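Next comes the sequence, and after it the predicted model I'd like to discuss.
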Amino acid sequence: MSTAAPAIEVSDLRKSYGTHEAVRGIDFAVERGEVFGLLGPNGAGKTTTVEILEGYRERTGGDVSVLGLDPGQRSRELRERVGIVLQSSGMYRFVTCREAVAHWASMYPSPRDVDEVIALAGLQEKQDSYVRALSGGQARRLDFALALIGDPELIFLDEPTTGFDPAARRQAWDTIRSLRDLGKTVLLTTHYLDEAQALADRVAIIKDGRILAIGSPGELGVGSATRVRVSWRDEHGAVQERECTDPTQLVHDLTGDALARGESVTDLTITRPSLEDVYLELTAADEPEVAGV
Ligand SMILES: Nc1ncnc2c1ncn2[C@@H]1O[C@H](COP(=O)(O)OP(=O)(O)OP(=O)(O)O)[C@@H](O)[C@H]1O
């Protein structure tokens, strides 16, 4: 457990647009060095929350602290310590990738090494290409490089792999893992549950401006709102499947019956719900129960 103050602390955050309450009193904290995923259906309030943390939107109520500072103050100090992937590469159409990264680096007090950042963003082969000649996915990588060059402590990644081909997506995942290895804190929003499962230490599932569940992708399935799936092959060779909250009695009966017949239970598996199962169960219900771990 880290003893440092969390990188992000959100307490009873609220945001209304006119009469519409888009964020309705959410609480969460992101520890330093953690990759935290914000998941939720369209219109859940993810972008609103992230943009309040980035200092781009004003909150209606609640308290927010980012690296110990209030993002609503839009201080220069916070801007230098936070990396935000914007479409900044659009400003650099007539220079090479390397020149763009080097120029952006000159705006920070202690930037990272240009070559290192180009490598981290997977842009080595394109470093001498003009920015205007990059594909959409390559331009996103350059945006990523520009977000990292100031050596930020905290990086906001809003749907970082949308529009990427599968290989570029895997490469972006590797990059995000390297950020964690460097000790950076990452707040990630994504619609891809496999991405959250692969990258996030913890996720919050948000819907209609409220957090429905928060925990590690593996542990979220343990809550009482979700069920485990038990499958096995019966004595006739047919695959059987049951869902239950506690498989102890079922497994006891299955193994007991099999042993009484002098057989073993074949192909017995007990599967926890995946993050996708939990997500779909929680976000489908009209009045979902609050689950947490
Ligand atoms: N500037 C705005 N003015 C009025 N309503 C807004 C504004 N921005 C967002 N909203 C509304 O607030 C709610 C939350 O929107 P938000 O963009 O935060 O959701 P999201 O979870 O990021 O969705 P998506 O996954 O579609 O990006 C939605 O109902 C949206 O219509």
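Sure, I can see it. Numbering: from 1, shown residues only.

In contact with the residue of the stretch 101-250 of the chain found nearest the ligand, which residues?
Closest approach of the stretch 101-250 of the chain to the ligand (C-beta to the nearest ligand atom) occurs at residue 191, with a separation of 6.5 Å. Any C-beta I mention is one placed from the backbone N, CA and C, and that applies to glycine too. By C-beta atoms under 8 Å, 6 or more residues apart in numbering, the contact set of residue 191 is 39, 159, 162.

Can you tell me the closest non-neighbouring residue to residue 55?
Leaving out its chain neighbours, the residue that sits closest to residue 55 by C-beta to C-beta, 6 or more residues apart in numbering is residue 71, at 3.8 Å.

can you check residue 148 too?
Spatial nearest neighbour of residue 148, chain neighbours left out: residue 117 (5.2 Å); criterion: C-beta to C-beta, 6+ apart.

Hmm, the one you found is touching residue 100, no?
No - with contact defined as C-beta atoms under 8 Å, residue 117 does not reach residue 100; the gap is 11.0 Å.

what bridges to residue 154?
Beta-bridge partners recorded for residue 154 (DSSP bridges): residue 82, residue 185.

Contacts only, for it.
Residue 154 is in contact with 7-8, 66-67, 81-83, 184-187, counting by C-beta under 8 Å, 6+ apart.

if we go to 7 Å?
Listed by C-beta atoms under 7 Å, 6 or more residues apart in numbering, the contact set of residue 154 reads 7, 66-67, 81-82, 185.

Just the buried ones out of these, please.
7, 66-67, 81-82, 185 (16 or more other C-beta atoms under 10 Å).

how about those in TSV, adding pLDDT and distance to the ligand?
Formatted as TSV, these follow (pLDDT from 0 to 100; distance: C-beta to the nearest ligand atom, whole Å):
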residue	pLDDT	distance to the ligand
7	97	21
66	97	17
67	96	22
81	92	24
82	93	19
185	96	20
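
how far away is the nearest residue to residue 258 once chain neighbours are set aside from the ligand?
Of all residues not flanking residue 258 in the chain, residue 265 sits nearest, at 4.7 Å (C-beta to C-beta, 6+ apart). Noted for residue 265: a distance of 44 Å to the ligand, by C-beta to the nearest ligand atom, to the nearest Å.

Need the per-residue pLDDT for residue 265.
Residue 265 carries a pLDDT value of 92.

Might one say that it is in contact with residue 254?
Yes - between residue 265 and residue 254 there is a contact at 5.2 Å, judged by C-beta atoms under 7 Å.

okay, and the common contacts of those two?
Shared contacts of residue 265 and residue 254, counting by C-beta under 7 Å, 6+ apart, come down to residue 232.

ok, residue 34 - contacts?
Going by C-beta under 7 Å, 6+ apart, residue 34 touches 185, 201-202.

And residue 275, by the same measure?
193, 196-197, 217, 220.

which among the residues you listed gets closest to residue 131?
residue 196 (30.4 Å; C-beta to C-beta).

And the ligand, is the helix or strand containing that closest one touching that?
Residue 196 belongs to helix 193-199 when assigned by DSSP states H and E. No - Helix 193-199 lies out of reach of the ligand by C-beta under 6 Å from any ligand atom, never closer than 13.2 Å.

Name the residues that touch that helix?
35, 37, 39, 161, 173, 176-177, 188, 190, 203, 217, 275-276, 279.

8 Å - rerun?
35, 37, 39, 161, 169, 173, 176-177, 186, 188, 190, 203, 217, 274-276, 279.

Listing partners with orientation, what would you give for the helix or strand just after that helix?
Beyond helix 193-199 in the direction of the C-terminus, DSSP H and E gives the next helix or strand as strand 202-207. For strand 202-207, the paired strands and their directions (DSSP bridges) are strand 35-39 (parallel), strand 210-215 (antiparallel).

Out of those strands, indicate the one that is most buried.
Comparing those by mean neighbour count (mean count of other C-beta atoms under 10 Å), strand 35-39 ranks first with a mean of 25.

How about that strand and the ligand, touching?
No - figure legend: strand 35-39 not in contact with the ligand (C-beta under 6 Å from any ligand atom); closest approach 8.1 Å.

Quick check: mean pLDDT of that strand?
96.

Tell me how far that strand lies from the chain's centre.
Taking C-alpha atoms, centre = their mean, to the nearest Å, one finds the center of strand 35-39 at 3 Å from the center of the full chain.

which bits of the chain sit near the ligand?
With C-beta under 6 Å from any ligand atom as the criterion, the chain meets the ligand at residues 17, 20, 22, 40, 42-48.

and stretch 242-254, how far from the chain's centre?
Taking mean C-alpha positions (C-alpha atoms, centre = their mean), stretch 242-254 and its chain are 33 Å apart.
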